[in-house]
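Enquirer: give me a 3D structure for the following:
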Amino acid sequence: MKNLLLTLILFLFCVSAFAQDEGEAVAKERFERPKSFFFGGGISMLFGDNIGDYSNGLNFEAGYFKRLNKVMSIGGSLSYVMFKYDPSVTEDYSGGGGNNIFFNDDYDLARIVYLEGGDLSLLSASFNIKLNFIPVSDNTKFSVYGFAKPFITYSSRSAVSGTGELWYYDSNDEDWYYDSEEYWDENTSGLEDLGKSSEISGGIFIGPGIEFMPSNKVSFYVQAAIGYTLPLTYVSTAAYPPTFEGYLDEQFPLTKNGFPSLNIQAGISFHF
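Expert: Numbering: from 1, shown residues only. Next up, the predicted model:
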């Protein structure tokens, strides 16, 4: 989070310096089509350690920009991002994903966990600042840009349920055997927090992009946004130790933490 804030400060400093370098004449320039609506979508990915048992998600965004000069535009947007709980991440025994095996102290009993639910969605409203590193005029063919999008988000998580299979180790056979299983969900005493929930959070996206034919009535863009969402609640089995104590924690398999992600997006803009 610290590095992301430092990057934002640097970005805003560049915006200010760039706008000043353009001078008063550019600031007063009028464009044939200074306003635009845009629509885009793409894939979303999580990155970092212990940040959730989710597969790649999808993102959609629609918004508005007003060009202030050749370099800088401001506006706002609404976006929707969704991530599906992915059992293959929980059952990743290579150490690179989640964890669904929990042992007793003697390592002769084990709980193997299978989860359902926990899908995550984020509906966000953002204020957008866009800086064109290649200044835009009425005949520009393409422009490389950077952007910052501080946002407020409404996060929603579906209910979580699970089955914990009990296995025991037979030292005579030197093998593991199935014993029994237990099912638990939001209706289980002490586990009410597993039910469907929602919360308000916030964060920021920053990143680069390239826009083709930005001075035409219709243009196209591709961009990458690195984002950080302030702590929210999601499924992360690796946030718990692989012990019976970890399995029996009343918050398992949920955690409340920061949520870093990467959005790759392509879209279309209509200028007027």
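Enquirer: which elements pack onto the helix or strand harbouring residue 40?
Expert: In the assignment (DSSP states H and E), residue 40 maps to strand 35-46. In terms of contacts (3 or more C-beta pairs under 8 Å, 6 or more residues apart in numbering; DSSP states H and E), strand 35-46 is packed against strand 57-67, strand 72-83, strand 218-235, strand 254-271. For the C-beta atoms, the positions are set from N, CA and C on the backbone; glycine is no exception.
Enquirer: I'd like to know which of those is closest to residue 47.
Expert: strand 254-271 (5.8 Å; C-beta to C-beta).
Enquirer: before we move on, the earlier item: now distance to residue 150 and mean neighbour count too, for the helices and strands packed on strand 35-46, in JSON lines please.
Expert: Output for the helices and strands packed on strand 35-46, formatted as JSON lines (distance: least, C-beta to C-beta, whole Å; neighbours: other C-beta atoms under 10 Å):
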{"stretch": "strand 57-67", "distance to residue 150": "13", "mean neighbour count": "18"}
{"stretch": "strand 72-83", "distance to residue 150": "11", "mean neighbour count": "19"}
{"stretch": "strand 218-235", "distance to residue 150": "10", "mean neighbour count": "19"}
{"stretch": "strand 254-271", "distance to residue 150": "15", "mean neighbour count": "18"}
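Enquirer: nearest approach to residue 106 belongs to which of those?
Expert: strand 254-271 (27.4 Å).
Enquirer: quick one: strands adjacent to that closest one?
Expert: strand 35-46 (antiparallel), strand 218-235 (antiparallel) (DSSP bridges).
Enquirer: can I get the strand holding residue 40 in PDB? Just the C-alpha atoms.
Expert: Coordinates of each C-alpha in strand 35-46 appear next as PDB, following Å, rounded to 0.1, in the frame of the first residue of the first chain:
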ATOM      1  CA  LYS A  35     -16.200  15.500 -23.900                       C
ATOM      2  CA  SER A  36     -16.500  11.700 -24.100                       C
ATOM      3  CA  PHE A  37     -18.300   8.700 -22.800                       C
ATOM      4  CA  PHE A  38     -16.400   5.400 -22.600                       C
ATOM      5  CA  PHE A  39     -17.300   1.800 -22.100                       C
ATOM      6  CA  GLY A  40     -14.800  -1.000 -21.400                       C
ATOM      7  CA  GLY A  41     -14.200  -4.500 -19.900                       C
ATOM      8  CA  GLY A  42     -11.700  -7.200 -19.500                       C
ATOM      9  CA  ILE A  43     -10.100  -9.600 -17.000                       C
ATOM     10  CA  SER A  44      -9.100  -9.100 -13.400                       C
ATOM     11  CA  MET A  45      -6.300 -10.900 -11.600                       C
ATOM     12  CA  LEU A  46      -5.200 -11.000  -8.000                       C
END
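Enquirer: list the buried residues of it.
Expert: Buried positions in strand 35-46, judged by neighbour count with 16 or more other C-beta atoms under 10 Å: 36, 38, 40-42, 44, 46.
Enquirer: related to what we said a few turns ago, looking at the helices and strands packed on strand 35-46, which is closest to residue 113?
Expert: Closest to residue 113 of the helices and strands packed on strand 35-46, according to C-beta to C-beta: strand 218-235, at 11.2 Å.
Enquirer: the inter-axis angle of that closest one versus strand 72-83?
Expert: Counting by axes from the mean of the first three to the mean of the last three C-alpha atoms, to 10 degrees, strand 218-235 lies at 50 degrees to strand 72-83.
Enquirer: tell me the mean pLDDT for stretch 130-143?
Expert: Here stretch 130-143 scores 84 as its mean pLDDT.
Enquirer: that older thread, just the buried residues of strand 35-46 now: which is nearest residue 172?
Expert: Of all those, residue 172 sits closest to residue 46, with 43.9 Å by C-beta to C-beta.
Enquirer: isn't that closest one right next to residue 52, touching?
Expert: Yes. Contact criterion C-beta atoms under 8 Å: residue 46 and residue 52 qualify, at 5.7 Å.
Enquirer: flag the shaky bits of the stretch 51-200 of the chain, pLDDT-wise.
Expert: Judged by pLDDT under 70, the stretch 51-200 of the chain has its weakly predicted residues at 93-97.
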